[in-house]
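In: coordinates only, sequence not included:
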């Protein structure tokens, strides 16, 4: 049943975004962190004006972003990340991250920001640090990160009830507590 | 000539955004700060799929944002601001800032972020601190900030050539140098 499987995949595609948005609303309510998903940029091709205040977009296409999807602030620090669902059980394709996003990740690290990916793979959630991502890309010719590397270097984020995906507690452990990372892992 | 004046106003409306975007590109090139304008959020009402990869938006409307338009990182610190052109020469209408944006500004301040407005008024550019904005709102019943207050509490940003509006040097002076502000003005 290819149609059903297609629907499931779309649902899965929204699943990660959905639980992260839920979690971000929880963080906001609890005043723990302020993280928003950036709107998807669009290129507007045609508009009409229904009134002075209402503009109707009649034609537009989604366009690419130079940055990652989520950003905000936690304990005064700048945080940015992207959320990726990975269908492959054996490796995470680097084609998921565009070249200008790689440059952006490097820039954020250079400016002392916290930057990472949340990868949903094999029914697990991993926080994968931006520096580890850049190191992998710089030291490998591979077009994907093998699951073994993700399991070794990534940090499991446990799924919960409230909040549904408490990635900030993992951020706290990695970037604010472990001394071997320095103030920030660099 | 009302049509001409309308066109001028639209041009002016884009002018501030344009010079800030130019400036942000300069900061990015010079590796001084990483600040992006967030895309305007839209509510998609109808789409069609031209191919697996191309989605055409057939109907959409712009929607409101809970946050401010620009955010990013400077010297490891989270920065967020909004840019407002003000036609009135005597006061800045607070209707420019929505209630949920006020709450957002308060939250960002509580988390140690730098937050402000850039107000273009009387052909001058002012950086107006988020804390001063909240204080004004809390201590006044007025629906607008008089120009005298903006001149007294705001910080002039000089227009230049490259970059065109070097607001980061003003941020540096206000939030990173002046001891009377504490680490951050609070």
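Out: Right, received. Where do you want to start? These figures come from a predicted structure and were not determined experimentally.

In: make it CA atoms for all contacts and neighbour counts henceforth
Out: Noted.

In: and the strands in chain A, which stretches?
Out: A:34-37, A:42-49, A:55-62, A:70-74, A:77-85, A:91-93, A:114-121, A:124-129, A:144-146, A:155-157 (DSSP state E).

In: can I get these in a markdown table with mean pLDDT, distance to residue B:22 and mean neighbour count?
Out: Output for those, formatted as a markdown table (pLDDT from 0 to 100; distance: least, C-alpha to C-alpha, whole Å; neighbours: other C-alpha atoms under 10 Å in any protein chain shown):
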| stretch | mean pLDDT | distance to residue B:22 | mean neighbour count |
| --- | --- | --- | --- |
| strand A:34-37 | 96 | 24 | 20 |
| strand A:42-49 | 87 | 19 | 13 |
| strand A:55-62 | 88 | 23 | 17 |
| strand A:70-74 | 97 | 22 | 23 |
| strand A:77-85 | 96 | 23 | 22 |
| strand A:91-93 | 96 | 34 | 18 |
| strand A:114-121 | 97 | 25 | 22 |
| strand A:124-129 | 97 | 31 | 21 |
| strand A:144-146 | 97 | 35 | 16 |
| strand A:155-157 | 97 | 38 | 19 |
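
In: what parts of chain A come near chain B?
Out: Residues of chain A that fall close to chain B, judged by C-alpha under 8 Å from any C-alpha of the partner chain: A:31, A:33-34, A:38-42, A:54-62, A:72-78, A:107-108, A:111-113.

In: which ones are touching the residue most central in space within chain A?
Out: In chain A, the residue lying closest to the centroid (C-alpha atoms, centre = their mean) is residue A:82, at 1.5 Å. Shown in contact with residue A:82 (C-alpha atoms under 8 Å, 6 or more residues apart in numbering or on different chains): A:68, A:69, A:70, A:116, A:117, A:118.

In: dig out what it forms beta bridges with.
Out: residue A:117 (DSSP bridges).

In: that one and residue A:31, how far apart?
Out: Distance, residue A:82 to residue A:31, by C-alpha to C-alpha, to the nearest Å: 22 Å.

In: how about residue A:48?
Out: Using C-alpha to C-alpha, we find residue A:48 at a distance of 40 Å from residue A:31.

In: from what I can see residue A:76 touches residue B:79, true?
Out: No - the pair residue A:76 and residue B:79 fails to qualify as a contact (C-alpha atoms under 8 Å) at a distance of 9.9 Å.

In: number of residues surrounding residue A:143?
Out: Per other C-alpha atoms under 10 Å in any protein chain shown, the neighbour tally for residue A:143 reads 12.

In: which ones are touching the residue nearest to it when sequence neighbours are not counted?
Out: Spatially, and ignoring its direct neighbours in sequence, residue A:143 is nearest to residue A:94 (5.6 Å; C-alpha to C-alpha, 6 or more residues apart in numbering or on different chains). Contact analysis of residue A:94 by C-alpha under 8 Å, 6+ apart lists A:143, A:144, A:145.

In: cool, residue A:145 as well?
Out: Here residue A:145 is in contact with A:91, A:92, A:93, A:94, A:136 (criterion: C-alpha under 8 Å, 6+ apart).

In: just to check, residue A:71 is in contact with residue A:83?
Out: No - using C-alpha under 8 Å, residue A:71 is not in contact with residue A:83, being 11.4 Å away.

In: list the residues that are in contact with both of those two.
Out: The overlap between the contact sets of residue A:71 and residue A:83 (C-alpha under 8 Å, 6+ apart) is empty.

In: look at residue A:2 and report its pLDDT.
Out: Per-residue confidence (pLDDT) for residue A:2: 39.

In: again, but for residue A:5
Out: Note for residue A:5: predicted pLDDT of 39.

In: how about the one 3 residues further on?
Out: Each residue has a pLDDT score; the one for residue A:8 is 45.

In: name the nearest residue to residue A:90, ignoring sequence neighbours.
Out: Residue nearest to residue A:90 in three dimensions, not counting chain neighbours: residue A:147, with 5.2 Å by C-alpha to C-alpha, 6+ apart.

In: isn't that neighbour up against residue A:93?
Out: No - in this structure, residue A:147 is not within contact of residue A:93 by C-alpha under 8 Å, at 10.5 Å.

In: can you pull the contacts of residue A:23?
Out: Neighbour list for residue A:23: A:162, A:163, A:164, A:165, A:166 [criterion: C-alpha under 8 Å, 6+ apart].

In: let's see 6 Å
Out: A:163, A:164 (C-alpha atoms under 6 Å, 6 or more residues apart in numbering or on different chains).

In: please report how far it lies from chain B.
Out: 17 Å (C-alpha to the nearest C-alpha, to the nearest Å).

In: residue A:142 now?
Out: In terms of C-alpha to the nearest C-alpha, residue A:142 sits 25 Å off from chain B.

In: got the contact list for that residue?
Out: Per C-alpha under 6 Å, 6+ apart, neighbours of residue A:142: none.

In: need phi/psi at it.
Out: Note on residue A:142: backbone dihedrals following degrees, to the nearest 10 are phi -70, psi 150.

In: let's see the pLDDT reported for it.
Out: 92.

In: cool, and residue A:176?
Out: At residue A:176, pLDDT is 93.

In: with the one 5 residues further on instead?
Out: As predicted, residue A:181 sits at a pLDDT of 49.

In: just the one 5 residues further on next, same as before
Out: Here the pLDDT value assigned to residue A:186 is 41.

In: likewise for residue A:13?
Out: pLDDT, residue A:13: 66.

In: can you check the one 4 residues further on too?
Out: Each residue has a pLDDT score; the one for residue A:17 is 93.

In: excluding its backbone neighbours, what's nearest it?
Out: residue A:83 (7.2 Å).

In: same question, residue A:37
Out: Closest residue to residue A:37 apart from its sequence neighbours, by C-alpha to C-alpha, 6+ apart: residue A:70 at 4.3 Å.
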